[in-house]
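> Fold the stuff below for me.
(one chain, ligands or ions: 1)
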Amino acid sequence: MSFQPPKGTDDIGAPQSSVWRSVLGEWEEWSARFGYPLVMNPIFEATELFQRGVGDTNEVVTKQMYTFTDRGGRSVTLRPEGTAGVVRAFLASGSLGAWKGAYSGPMFRYERPQGGRRRQFWQVGVEYLDVEAPPSDVEVIELGYRYLGAVGVPGLEVRLNSLGDGVCRPGYVEELRSFLRSRYEELCEESKPLVDTNPLRVLDCKICAPKLKDAPAMADRLCDDCSAHFKEVKETLTRLDVPFVEDHRLVRGLDYYTRTAFEYIARELETAQNAVGGGGRYDGLAEALGGRRTPGVGFALGVDRIILATGREPRSEVDVFVVSEVPAADALVAASRLRREGIRVDFDSEGRSIKTQFRAASRSGAPVTVVLRSLDEPVDVRTQDGLRVGVPLGELADWLKARSG
Ligand code: AMP
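Numbering: from 1, shown residues only. Next up is the predicted model:
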């Protein structure tokens, strides 16, 4: 059999996994800082959840889902995104009132794989439910912006739009449809049928959008409530020093997306993969799932793309490698003492030759190697920058902390 991972998936181990550990660790830190507790949902759900929650005209649902019949005859699907599952779980819990959750995990879409477009990819995201006021939209946008900035996404840009609501959007959609009919011959073959079924999505088409710069914009047709909401979102973002660019072609094709829509762009990535995340308000989603009205806002960020964008270098996750002249079990005793003091330690459990152990030490990338001659004698400490010094084992943890602190 082949040992390659399935097409569009990756095996990620050391040293590259150290980048993942730090980027995901910083997500835990930032999401907690904004008051979002961890939420964990099933990785597979009833297929119907995504048909309703992502929409059965969306190509994620029509072409990209990993759907199968389980042994009990139920149609289940590996989640292609996180929001539908979180909203389902919220409805199942019967909770009332403002609710927050942050998730982190793999998503699955049958796509044509390329760099930054995988069949199994990792998203982190938040959902903020049963809230309607503009500060909730702004808090969510700010969290994504601060986190992406902290992990070092270069050329980070927030693009922002408002999609209106059930009051103002239907009239706008009709106006857009008439406009698109007048330009029908210029549209690409994929967009033509959308003029009838879902004209908003034509604005999203990479081929057609540049030719439609004079299309009517939703942001100019908002009703008073949506307009006031959008205004407050923009003013508050400015007060928080979160820069944004208004983008009137940023749309979501489904009716339950309302008002705020946004994307995070890494301007320095190739255009096809430069969206590192996106989100918005979805006041109609819970009802589309058959639940009570539950307005909400959230985003999802693609960690594979964040890592591509930041170009972070892998780092050793070992502080100290113990090279031992005494039996390997003694080396483990020494390693264990240091580990209990919070030092990250590795050693050679096979008790191989000193030369082999030094090679392993160097491969580990540990900034410090210690040579153990006995558990009672000072160890011989060697640092990457050439320092050599004897330190009693019992004092080594403090010595290392003082040096790195
Ligand atoms: P979406 O759920 O489609 O709005 O995507 C949100 C973010 O997830 C995107 O901006 C990407 O960063 C990431 N993403 C979506 N699909 C993929 C994929 N197939 N491979 C890698 N990242 C993806």
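> Residue numbers of the stretch 101-250 of the chain in contact with the ligand?
Counting by CB under 6 Å from any ligand atom, the residues of the stretch 101-250 of the chain lying close to the ligand are 109, 111, 116-118, 121, 123. Quick note: C-beta positions are derived from backbone N, CA and C, even for glycine.
> Filter those down to just the buried residues.
109, 111, 116-118, 121, 123 (16 or more other CB atoms under 10 Å).
> Give me the contacts around stretch 48-68.
47, 75-81, 83-85, 87-88, 108-111, 197-198, 253-254, 285, 288-290 (CB atoms under 8 Å, 6 or more residues apart in numbering).
> So which bits of that stretch are buried?
For stretch 48-68, the neighbour count (16+ other CB under 10 Å) marks 49-55, 58, 60-61, 64-65, 67 as buried.
> Off-centre distance for that stretch?
20 Å (CA atoms, centre = their mean, to the nearest Å).
> what does stretch 166-186 give?
Distance of stretch 166-186 from the chain centroid (CA atoms, centre = their mean) equals 33 Å.
> and if you look at stretch 133-152?
13 Å.
> I'd like the average pLDDT over that stretch.
For stretch 133-152, the per-residue pLDDT values average out at 98.
> Could you write out the alpha-carbon coordinates of it in CSV?
In CSV, the C-alpha atoms belonging to stretch 133-152 read as follows (Å, rounded to 0.1, in the frame of the first residue of the first chain):
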residue,chain,number,x,y,z
ALA,A,133,-26.0,45.4,18.7
PRO,A,134,-23.0,46.7,16.7
PRO,A,135,-20.4,46.3,19.5
SER,A,136,-20.8,42.5,19.1
ASP,A,137,-19.9,42.7,15.4
VAL,A,138,-17.0,45.0,16.2
GLU,A,139,-15.6,42.8,19.0
VAL,A,140,-15.6,39.8,16.7
ILE,A,141,-13.8,41.8,13.9
GLU,A,142,-11.3,43.2,16.4
LEU,A,143,-10.5,39.7,17.8
GLY,A,144,-9.6,38.3,14.4
TYR,A,145,-7.6,41.4,13.5
ARG,A,146,-5.6,41.4,16.7
TYR,A,147,-4.9,37.7,16.6
LEU,A,148,-3.8,37.8,12.9
GLY,A,149,-1.6,40.8,13.7
ALA,A,150,-0.1,39.0,16.7
VAL,A,151,0.8,35.9,14.7
GLY,A,152,2.4,38.1,12.0
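> contact partners of it?
Residues contacting stretch 133-152 (CB under 8 Å, 6+ apart): 23, 26-27, 30-31, 34, 36, 98, 126, 128, 156, 158, 160, 229, 232-233, 236-237, 240, 242, 244, 259-260, 262, 264, 276-277, 279, 281, 297-299, 301, 306, 310, 312.
> ok, of these, which come out buried?
With burial judged by 16+ other CB under 10 Å, the buried subset of the contacts of stretch 133-152 is 23, 27, 30-31, 34, 36, 126, 128, 156, 158, 160, 229, 233, 236-237, 242, 244, 259-260, 262, 264, 276-277, 279, 281, 297-299, 301, 306, 310, 312.
> Could you dump the residues of the stretch 101-250 of the chain next to the ligand into TSV and include secondary structure and pLDDT?
TSV is the format used below for these (DSSP: H, G, I helix; E, B strand; the rest coil; pLDDT from 0 to 100):
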residue	secondary structure	pLDDT
109	coil	96
111	coil	94
116	coil	89
117	strand	93
118	coil	97
121	strand	97
123	strand	98
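> for those residues, which one is nearest residue 8?
Nearest to residue 8, judged by CB to CB, of those is residue 118 at 5.2 Å.
> The one residue in the stretch 201-350 of the chain that gets nearest to the ligand: neighbour count?
Going by CB to the nearest ligand atom, the ligand is nearest to residue 302 of the stretch 201-350 of the chain, at 2.2 Å. For residue 302, the neighbour count with other CB atoms under 10 Å is 24.
> Might you report the residue contacts of it?
116, 121-123, 275-277.
> Greatest separation within these: which pair is it?
Going by CB to CB, the pair spanning these furthest: 122 and 275, at 15.1 Å.
> Neighbour count for these two, which is higher?
For the pair residue 122 and residue 275, the greater number of neighbours falls to residue 122 (21 against 17), based on other CB under 10 Å.
> Just list whatever residues bridge to the more buried one.
Taking DSSP bridges, one obtains residue 106 as the residues bridged to residue 122.
> That one contacts residue 301, doesn't it?
No. Using CB atoms under 8 Å, residue 122 is not in contact with residue 301, being 9.3 Å away.
> can you confirm residue 160 is in a helix?
No. Under DSSP: H, G, I helix; E, B strand; the rest coil, residue 160 sits outside any helix and is assigned strand.
> measure it to the ligand for me?
15 Å (CB to the nearest ligand atom, to the nearest Å).
> Report the contact partners of that residue.
Here residue 160 is in contact with 141, 233-234, 237, 244-247, 250, 260-262 (CB under 8 Å, 6+ apart).
> Which ones among those lie within strands?
245-246, 260-262 (DSSP state E).
> Redo those as CSV? Include distance to residue 6 and pLDDT.
Shown next, in CSV, are the ones in strands among the contacts of residue 160 (distance: CB to CB, whole Å; pLDDT from 0 to 100):
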residue, distance to residue 6, pLDDT
245, 38, 97
246, 41, 97
260, 37, 97
261, 33, 96
262, 33, 97
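> Farthest pair within those?
245 and 260 (14.3 Å).
> Leaving out chain neighbours, which residue sits closest to the residue in the stretch 51-200 of the chain positioned nearest to the ligand?
Ranked by CB to the nearest ligand atom, the top residue of the stretch 51-200 of the chain for proximity to the ligand is residue 121, at 3.4 Å. Nearest residue to residue 121 in three dimensions, chain neighbours excluded: residue 304, at 4.9 Å (CB to CB, 6 or more residues apart in numbering).
> what pLDDT does the one you found get?
96.
> pretty sure it is in a helix, no?
Yes. Counting by three-state DSSP, residue 304 is part of a helix.
> any idea which element residue 135 lies in?
helix 134-151 (DSSP states H and E).
> repeat for residue 101
Here residue 101 sits within strand 99-108, counting by DSSP H and E.
> can you give me the mean pLDDT across that strand?
98.
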